Every structure is written in C-alpha cells, then in structure tokens.
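K.L.:
Below: sequence and its predicted model.
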Amino acid sequence: MGEQTIEYIHVKDLVLWTENPRDPINENASDQDVVNRAIADSRNKWELKKLINEMGNYYDLSELPTVVYKNGKPVVYDGNRRIILAKLKLGHVVVDGFTLSLPSVPENLPCNVCSESIALQNIFRKHAKSGSWDPLERDIFLYKFLKQPKSPFLIFDECTGGYISSNHEMNQGFVKKELLNEKGLELLGFSIIEGTLQARHSESEIKIILNDLKGKIADKTISTRQARGNPFSVLDQRTKEIIGLNNKKPLHSVSFPLVSLEPKDVLNKKTRLTRRVHSSSFPLFGEALSLKRGDVNNLYRDINSIYLYYCNNRKEFSSAIWALLRMSMRLLCETASHDMDIPKIDDYIKRYYDKAKTGLSTDERTFLSNNNVKKETLIQLLQTGAHNYTASQSPEQTIGVSIILGAMLLESHGK
C-alpha cells in the first residue's frame, strides 16, 4: 500500500511497537511489557507524566498515530506514548501506583494507516531531524530501518559492547562528528576497516584511552567550545604516551565489552561464556554497572570496590565477607527503592524483577534458579543478609542475588 488513509481503530486492538527507537524491547514483548518499561523509564526516554501535563484538560487528537498493519495487526509506529496513555485510561493495561489525570479518551481513535516505508520516512522526518533522538539512536534507525551503511559511531559502539550507549557523555553530536569519526579515531590509534573497529592498543590500553577521553568530555575539557578538532592535545600524558608508542604497531580487531572490563587479576576470563554455572565465572552484579550519579551509584561502587579488594586479597578474609556483601546489597536495594519513592523494597522488587530477568543470559537465569534466587525468595534472601549471619555466607547465592539486583538497578537507575 503506497497511500495513507485515516481509519478509526479500537484502542485495545492497537499494538505498541516493540522496536520503537526510543527504547526497543524484545520483539515478543506484550503491550503490558512495553507499558511497564515506559512507566519505569530508566533511560528518561518516555516522560509520560510530562506528556500528560502538556496535553492539559483533554486528550490531544491533533497528531494522529501512525499505524502499519503487520500480520493483520495494527502496529503503532509513531504515537506510542499517546496510545499508552489511552490504554491506561481505558484499562486495557494496568500499572499499580500509576495514576492518570486525563479526561475521557475515545474507545476508537483516528489513525494514519500507511505502508511501512511511508511510516518509517515520517518517523525519521519527525524525530531524527527534530533532535528528539540522540545521535546513536539516529544511526541505529538509519541502518536498521532505512538500510543505510553503519556509521563509524555505530560500529564503534557495537564493537566495544555498547561503550557509547552506556556512557551518556559519549553519545553527543559533536563527539560523533569530531571525535569518533574516522579521522578522530585514527588520531587515537583506531581505524574502521570493512565495517569493523581496529586498534593498535591492548585491551587495558584502550580502556585507559577511552576513560580519559570520556572524563575530559564529562568535565567539559573537551566540548563544543573547548579543544574541538584536537582532543589529543588535552589528554593525560600517560594517554599520549600510549598512543605515541603504539603508533607503528599493527592493527587488530576490537570485539570485547569495554563497559564490563575488570582488572585482569580479578576477572581473567571473558564475561560472556557459553556455559557459566559457577559463581567464579560471574563478576559481582553480573557486569560493571553504568548508573546515574547519586547515592545509589556511590553505594554500588563502594560495594564493588570492597569485592575487588577481596578478590585480590582473599587470604585476609574469612567467609564472613559474603555475609557483609549480602547486608550491603540489602542497603543498596533499600537506597534504590527510596530514591524511586517506593516505600518498601518488596514493591521495588515487584516493579523491576521481571523486566530485569528478561535481560539476563540463559546461564545467568540457570545460575539464579540453581541457587533459589527467585522473585518470591529475593526479599527473604536480602533480609537473611541482615539478620542471619550463618545462612548468608554462601558465595554462590550472594553472587546470584547480586546478578538480579544489578539488572534491576540498570532498569531503575541505568544511564
């Protein structure tokens, strides 16, 4: 179908788009799953309450949802936030503790029904060019939906396990255009060759270089007004020496997750193995977490630092260290809960556990099951850490608790 038509469709029949560039989710997710994710809004992409305030005293019909029929079902390609509000108001999805101040919403809404190609062009025109998407979202959309080649920015993110998407400082327009373009990457000792990221540095050296670059961007040493076009000049001397000494070394492929690198004496195995069933194969919290600044992030980093020190100095500790870590996790969970204005950690677990579990690997879910770490038992396991010294000394169970807690923190406080 090449043209566009206006069609009235019942709100309960409209299907929310799981591949929404704002915050994609598993393609098999239900409308309720999408709504839960939008309400949690861990990445501050949905802002439903802000939309409610903008609408004012009536449900705004001035912008029609864009709908594409796929396998006979009307999928909402654009206007998902407005349809979520309509579904909530009419009771087609339910979220505990979320109240709406919207007036009545029609059961049947006018929609712009069109072909997928027209829908995608309209979405790109409205969002990519208006600035409502960040640079990486724009590049992903161009590659995935408009079939354009991957940009160096996207290739860099994919080959480093999401270093850009996990660090908001890196996901900026000037970083893409001036620092992590092909010329900028070459100055730092990288190259894009046949769609892959190549480097002249070791893994640890790459981490030093990129963390230095990220820090300079975060503190505005490199910005739209400072050191533009010549970031090399303001990098630390140690970083400059690494780049200079490696200038003549051969290039090699980069395909490891920088966001989860740990010191080599702590994690001497890759964090993603085909079979991971022993606690020694899992880092605490499952991976290195990139959280928003604040008390939750501070406490997480302190706990992780204690654990890393333990890993390097095991002979100095008794088995009681695991009880201390479990107690710390309960405090971390309480801190996250209060930060989200959720009075009880039970309710925090109920809100985030299911979404967090969907992001775990098969081996992680198996490990949790083997150690009786479940939605129904997690609150008890955290309480045990605070009240039962002996029962909370299991390393495997403590690691299991940390893995699901880490995944929940990424949902509620991830960058």
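P.N.:
It's in.

K.L.:
Between the two ends of stretch 125-138, how far is it?
P.N.:
11 Å (CA to CA, to the nearest Å).

K.L.:
If you count neighbours, what's buried in it?
P.N.:
His127, Ala128, Trp133, Asp134, Pro135, Leu136, Glu137, Arg138 (16 or more other CB atoms under 10 Å). (Glycine included, C-beta is placed from N, CA and C.)

K.L.:
Can you tell me which of those residues end up in helices?
P.N.:
Pro135, Leu136, Glu137, Arg138 (DSSP state H).

K.L.:
Chain neighbours aside, what residue packs nearest to the first one?
P.N.:
Residue nearest to Pro135 in three dimensions, not counting chain neighbours: Lys176, with 4.5 Å by CB to CB, 6 or more residues apart in numbering.

K.L.:
Would you map out the domains in the protein?
P.N.:
Domain assignment of the chain by automatic domain parsing yields the ranges 5-133, 136-260, 279-413.

K.L.:
how about the ones you listed in TSV, adding mean pLDDT?
P.N.:
Formatted as TSV, those follow (pLDDT from 0 to 100):
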stretch	mean pLDDT
domain 5-133	87
domain 136-260	87
domain 279-413	85
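
K.L.:
Helices along the stretch 51-200 of the chain, start to end?
P.N.:
80-90, 116-123, 135-144, 152-159, 173-174, 182-187 (DSSP state H, counting those that start in this stretch).

K.L.:
Need the ones you listed in CSV (columns: distance to Gly215).
P.N.:
Formatted as CSV, the helices of the stretch 51-200 of the chain follow (distance: least, CB to CB, whole Å):
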stretch, distance to Gly215
helix 80-90, 35
helix 116-123, 35
helix 135-144, 20
helix 152-159, 18
helix 173-174, 16
helix 182-187, 17
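
K.L.:
quick one, which of these is nearest to Asn211?
P.N.:
For Asn211, the closest of those is helix 152-159, at 14.9 Å, according to CB to CB.

K.L.:
Roughly how far does the nearest residue to Glu116 once chain neighbours are set aside sit from Val113?
P.N.:
Distance criterion CB to CB, 6+ apart; nearest residue to Glu116, sequence neighbours excluded, is Val68 at 4.9 Å. Applying CB to CB, to the nearest Å, the value for Val68 to Val113 is 7 Å.

K.L.:
joint contacts of the two?
P.N.:
Counting by CB atoms under 8 Å, 6 or more residues apart in numbering, the shared contacts of Val68 and Val113 are Pro74.

K.L.:
All set, thanks.
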